[in-house]
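**Q** Sequence first, then the predicted structure:
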Amino acid sequence: MVEPTVPTSDSTETAGTENAKNHFAKAVEEAKAGAQALAEEYRGKLNKTTGDLSEEAKSRSEEAKGKANAFAADAKVKATEYANEGKARTSKAIVGLSKAIDENVSLIDDKVGKKYGDYARTASKSMQSAATKLDEKTLDELGEDAKQFVRTSPGMAVGMAVAAGFVLGRIFKGK
């Protein structure tokens, strides 16, 4: 009869080690698969959140642009109103000065002479003409006239700007 083979401790250990290795390899494979699935899930969530935040940012950006455009339009309307008001006041002041000269022209004739009285009359008529032209023109037309003046007489324009700056500086220096 044949004697049954009794596994030696070496072959049992080898079979046990192989089983443990296989078990461990399967556990590692399952862990990797789980980690990959979890990573994919979080990538999806991240992409969705990023998309949501991007849409929110675009929405708020468009809203801010709309508000800024509305504010700019309101500011333009107000600036135009103030400019028209300033134009009307300037015209009124020129007419007032012209009338004051007209009222005092006889005094100039008597005190200084007829020649200087004629100068005052001419200046008064020029002022009235300028006030009338100022009333008739729009702000855009006045802007174009100013640009044309600067192009044709840049030296005079700079001199007038310096003089206006000096006068404004003196006016606001006291305040």
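**A** That came through fine. Residues are numbered from 1 along each chain as shown.

**Q** Only C-alpha atoms from now on, for both contacts and neighbour counts.
**A** OK.

**Q** What is the neighbour count of A33?
**A** Per other Cα atoms under 10 Å, the neighbour tally for A33 reads 12.

**Q** ditto for L142
**A** 15.

**Q** what's the answer for Q148, then?
**A** Neighbours of Q148 under the rule other Cα under 10 Å: 12.

**Q** got it, and V112?
**A** When neighbours are defined as other Cα under 10 Å, V112 has 11 of them.

**Q** And it, how far from A120?
**A** 11 Å (Cα to Cα, to the nearest Å).

**Q** And for E18?
**A** 122 Å.

**Q** Just want to know which of the two has more residues nearby.
**A** Using other Cα under 10 Å, the more surrounded residue of E18 and A120 is A120, with 20 against 12.

**Q** Am I right that that one is in contact with I101?
**A** Yes: using Cα atoms under 8 Å, A120 is in contact with I101, at 6.6 Å.

**Q** Once you drop chain neighbours, what's closest to L134?
**A** In space, and not counting its chain neighbours, L134 is closest to S91: 6.4 Å by Cα to Cα, 6 or more residues apart in numbering.

**Q** What is the neighbour count of the one you found?
**A** If you count neighbours by other Cα under 10 Å, S91 ends up with 20.

**Q** I'd say it and K133 touch.
**A** No: S91 lies out of contact with K133 (Cα under 8 Å); the separation is 9.0 Å.

**Q** circling back: distance of the residue nearest to L134 from E136?
**A** Counting by Cα to Cα - S91 and E136 are separated by 10 Å.

**Q** can you check E85 too?
**A** 14 Å.

**Q** tell me which element the residue nearest to L134 falls in.
**A** Assigning secondary structure by DSSP states H and E places S91 in helix 9-111.

**Q** what's the answer for L134, then?
**A** Going by DSSP H and E, L134 is in helix 114-136.

**Q** Mind listing what's buried along that helix?
**A** Of all the residues in helix 114-136, those buried under the rule 16 or more other Cα atoms under 10 Å are 117, 120-121, 124-125, 127-128, 131, 134-135.

**Q** Please tell me how far the residue nearest to L134 sits from S54.
**A** With distances taken as Cα to Cα, S91 is found 55 Å from S54.

**Q** quick one on the thing from earlier: how big is the angle separating the helix holding L134 from helix 9-111?
**A** With axes from the mean of the first three to the mean of the last three Cα atoms, to 10 degrees defining the directions, helix 114-136 sits at 150 degrees from helix 9-111.
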